[in-house]
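J.: no FASTA, just this:
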């Protein structure tokens, strides 16, 4: 193999693939990436067996105008090389030259730019896992920025403990031309949806995608206006951009019946300025301890008072104007959960609905965006 490549484009591709490669693995081959040079491109492949990346730098991509474009990649000799992932990225990143030459001979791969050179021991390509590709599979199309926003609205609410359980991923559903994402950890739930530009002919079954996979999908979307393609398979979901194909193995298990958690009707309805509520909530939360993270909200007509306290620290309260018409109501939440949701509020106005102080709080944070938080029982 002999390839001459634009250093920055190569660095970008290596950085994307390194997001999925484990630093330590019981299968040492997974700590490597695979470079595949063909007549028209160089592909960079990596996997941890849960998620995989296929990043492509085509020969036709170039710099300059018209016919004077300089190729980003020149493949002088096709071939394959499996090299240590982190070392390769670090060396290419620290090079000062504009071009990098990759050459293989015997059992080594030489990375060179100007007078700087690194020679790496390669691994037998037959040991590297097979990485999926899209091919002619049916896909649905969605604008990259819309997909990223959908993931940012929901993935933070997924369970974070280790393990392959249903709540450690994000539920994805396609229904009536809408892509819906849902995430929950049992104490709060985030739900959002967006319209797709196209969808497969066959009905897409619900899929639980690992949170890591969803975040990896977002990392490869460079242009928010680009149309990205999604494919839901039997045991994995894939996302395709102009330069990358990402695949994530689906999580087995039954996702909680989230529709039953979302209140259909509420007796208490509040509208508040999202930025002001964030400031007041953070202010009062400062005195709450790690053993009892709770802030009480007491509502009277057009008024919200917030209370927080903990043994050994003291207590704090704050008030703000809100739109509330009932005589009075009270509810308490973990402030961290509410603040995480408010970070994604896009309308500037947050709407809170609930029935009793023991019933879930329904926060509407934007169009087609609902965030449910379970209340906390505190002493008066």
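T.: Thanks, I have it. Computed from a predicted structure; not experimentally measured.
J.: Going by C-alpha atoms from here, please, whenever you check contacts or count neighbours.
T.: Noted.
J.: And for residue 151, nearest residue in space, chain neighbours not counted?
T.: residue 214 (6.8 Å; Cα to Cα, 6 or more residues apart in numbering).
J.: just checking, the one you found is part of a helix?
T.: Yes: Residue 214 sits within a helix when classified using DSSP: H, G, I helix; E, B strand; the rest coil.
J.: Now for it, how many residues are close by?
T.: By other Cα atoms under 10 Å, the residues close to residue 214 number 23.
J.: likewise residue 235?
T.: Residues near residue 235, counting by other Cα under 10 Å: 13.
J.: how about low-confidence regions in this protein?
T.: Along the chain, the model assigns pLDDT under 70 to residues 60-70, 162-164, 198-204, 379-380.
J.: before we move on, back to that, quick one: the residue nearest to residue 151 from residue 270, how far?
T.: Per Cα to Cα, to the nearest Å, residue 214 is found 32 Å from residue 270.
J.: those helices in the stretch 51-200 of the chain, which residues are they?
T.: Remark: helices assigned in the stretch 51-200 of the chain by DSSP state H, counting those that start in this stretch are 85-94, 144-154.
J.: any chance of those helices in CSV, with distance to residue 327 too?
T.: Shown next, in CSV, are the helices of the stretch 51-200 of the chain (distance: least, Cα to Cα, whole Å):
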stretch, distance to residue 327
helix 85-94, 61
helix 144-154, 33
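J.: so what's the backbone phi/psi at the residue located most distally from the centre of the chain?
T.: The centre of the chain is farthest from one residue, residue 327, which by Cα atoms, centre = their mean lies 41.9 Å away. Torsion angles at residue 327 (phi, psi; degrees, to the nearest 10) stand at phi -70, psi -50.
J.: ok, it - contacts?
T.: Contact analysis of residue 327 by Cα atoms under 8 Å, 6 or more residues apart in numbering lists 300, 301.
J.: cool, the one 10 residues further on as well?
T.: Applying Cα under 8 Å, 6+ apart, one finds that residue 337 lies in contact with 188, 373.
J.: next one: residue 330
T.: Taking Cα under 8 Å, 6+ apart, we find residue 330 in contact with 296, 297, 298, 299, 356, 357.
J.: Now, of these, which are buried?
T.: 296, 297, 298, 299, 357 (16 or more other Cα atoms under 10 Å).
J.: what would the residues you listed look like in JSON lines with distance to residue 226 and secondary structure?
T.: Listed next are these as JSON lines, based on distance: Cα to Cα, whole Å; DSSP: H, G, I helix; E, B strand; the rest coil:
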{"residue": "296", "distance to residue 226": "44", "secondary structure": "strand"}
{"residue": "297", "distance to residue 226": "43", "secondary structure": "strand"}
{"residue": "298", "distance to residue 226": "46", "secondary structure": "strand"}
{"residue": "299", "distance to residue 226": "45", "secondary structure": "strand"}
{"residue": "357", "distance to residue 226": "44", "secondary structure": "coil"}
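J.: and these, which two are the farthest apart?
T.: Pairwise distances across the buried ones among the contacts of residue 330 peak at 11.4 Å for 299 and 357 (criterion: Cα to Cα).
J.: and for these two, which residues touch both?
T.: 329, 330.
J.: how near is the spatially most central residue of the chain to residue 85?
T.: Closest residue to the average C-alpha location of the chain: residue 215 at 2.1 Å, with Cα atoms, centre = their mean. Going from residue 215 to residue 85 by Cα to Cα gives 20 Å.
J.: Equivalent analysis for residue 279, please.
T.: Distance from residue 279 to residue 85, by Cα to Cα: 43 Å.
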